[in-house]
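Chemist: return atomic coordinates for the entry below.
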Amino acid sequence: MTRIHFIAIGGAAMHNLALAVASKAGYKVTGSDDEIFDPALSHLRAAGLLPDEMGWHPERITPDIDAIILGMHAREDNPELVKARELGIKIYSFPEYLYEQTKDKIRIVVGGSHGKTTTTSMILYVLQRLGIEADYMVGAQIEGFERMVRLSDTAKYAVFEGDEYLTSPLDLRSKFLWYHPHVAILTGIAWDHINVFPTFPQYVDTFRKFVDSIEPDGSFIYYQGDENLRLLAEEISHQPSAISCIPYNAYEGDVKMQVFGRHNMQNLQAAMLACHCIGVAPDDFYREISTFTGASNRLEKICETADSVAYKDFAHSPSKLKATINAVRERYPEKRLIACMELHTFSSLMADFLPQYKDCMAEADVAYVYFNPKVIEHKRLTPITAEEVREAFGTKNVEVFTESQALQMRLQGLDYSNTALLMMSSGTFDGINVNEFCVNLLNR
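Modeler: I've put the predicted structure just below:
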């Protein structure tokens, strides 16, 4: 019996990995965290993996543990981590463990500042429809898939969403540098994670390192409309390597798709090329992808009435925000577009990064931006004001809120006839059940 202990088991990716490992024969999984929320709480409880009590308990770290998997949420002085290091137990980061379990498989890795989850989901959806077995890690729930991580002894392929954020408190490299893909996709580079990459050149450099990590004779699939990706491809062409550089643009074929927006047509084309690299015929890909409705929280339709519709999206960075708003505008050109977004991540709440949002919400008729000053205080960032945020977005349609209740009251006071409502956040607007809230707004 192989015993694995997860430190910070409650994270979205971590708890899914724990579920995947626990489902394998011959593995016993335990874990700990200082707080766990749904859906991780319910998932872990149902699998019998929820810790008996919250907090860090170094006495639970014993010599019979074969390996520790360390989540990014844990700090370097975490008591359980300290005990594990004292005992000499092998410590893996999340991406390091994924690589260890798939190092003999053909790995497809999707990176980029935007579109990673959707592109990864498209690849997995088509492979499943075609009966091609694959291990995977993806950042959202996909219809027809039990969980967000799968590890097996039988799959020939592994498909990973490649995140450029830090690996762990002990390893400050980007996560995707662990995966060494045979087929690599980069969807675009738009500055993000300013707390980790203080300058844009530093941010670009981590993608350069990702490209350098592609396995010999591998493939580099990149969006041709991104200048920085074209430069990376040009650098490869001048190196004595056998890596194939494959550019792509948006899909413009005749097959009717369920997803929409130019950015999704770009994601779709990247996914097709990745599948083609492992032998899937383009016609087979397009036939199967035509029924793909999207990944959870990625331009996901919440509800629709006779003349109104509401979507939610994970968009929070400038490039994602602009692409999502533009997609809804193109889809519903005659409807009033009400776009609401939350500044929630480190980068989005930093004064130096705010100018990146200039004109991002220009295509909306009504644009609301929300942030909670207490979150800024909790993250120990320099305070910002509502006026600074409004000026950074740079268009007259933007109104800024710093109280969730005030935002809700404003939304409740609007008329939603002939309207498309778009709610965008990597958080919850401080406790709003977005699905329920939007259903109530549109069905009053």
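Chemist: residue boundaries of the helices in this protein?
Modeler: 12-22, 40-46, 79-87, 94-102, 116-129, 200-212, 227-237, 262-277, 282-289, 318-331, 373-378, 386-393, 404-412, 434-442 (DSSP state H).
Chemist: how much space between I243 and A271?
Modeler: Remark: distance between I243 and A271 (Cβ to Cβ, to the nearest Å) = 20 Å. To be clear about C-beta, it is placed using only N, CA and C from the backbone, and glycine gets the same treatment.
Chemist: with neighbour numbers in mind, choose between those two.
Modeler: A271 (32 against 19; other Cβ atoms under 10 Å).
Chemist: hmm, that one is touching I289, no?
Modeler: Yes. A271 lies in contact with I289 (Cβ atoms under 8 Å); the separation is 7.2 Å.
Chemist: how long is stretch 51-59 from one end to the other?
Modeler: Terminal residues of stretch 51-59 lie 14 Å apart, using Cα to Cα, to the nearest Å.
Chemist: in it, which residues are buried?
Modeler: Using 16 or more other Cβ atoms under 10 Å as the burial criterion, the residues of stretch 51-59 that qualify are P51, W56.
Chemist: quick one: it to chain centroid distance?
Modeler: Chain-centre distance of stretch 51-59: 29 Å, with Cα atoms, centre = their mean, to the nearest Å.
Chemist: model confidence over that stretch, on average?
Modeler: For stretch 51-59, mean pLDDT is 94.
Chemist: do stretch 373-389 as well
Modeler: Averaged across stretch 373-389, the pLDDT comes to 91.
Chemist: just to revisit the earlier point, and for A271 and I289, which residues touch both?
Modeler: The contact sets of A271 and I289 overlap at M122, V126 (Cβ atoms under 8 Å, 6 or more residues apart in numbering).
Chemist: residue ranges of each domain in the chain, please.
Modeler: Domain ranges of the chain: 2-88, 97-289, 300-442, per automatic domain parsing.
Chemist: residues near G162, how many?
Modeler: The burial count for G162: 27, using other Cβ under 10 Å.
Chemist: isn't it right up against I108?
Modeler: No. The pair G162 and I108 does not pass the contact test of Cβ under 8 Å, sitting 9.6 Å apart.
Chemist: between the two, what contacts are shared?
Modeler: Taking Cβ under 8 Å, 6+ apart as the contact rule, G162 and I108 both touch P181, A184.
Chemist: let me see the confidence value for R262.
Modeler: Listed pLDDT for R262 reads 91.
Chemist: what is the neighbour count of it?
Modeler: 16.
Chemist: could you do the one 10 residues further on as well?
Modeler: As a burial measure, M272 scores 24 neighbours (other Cβ under 10 Å).
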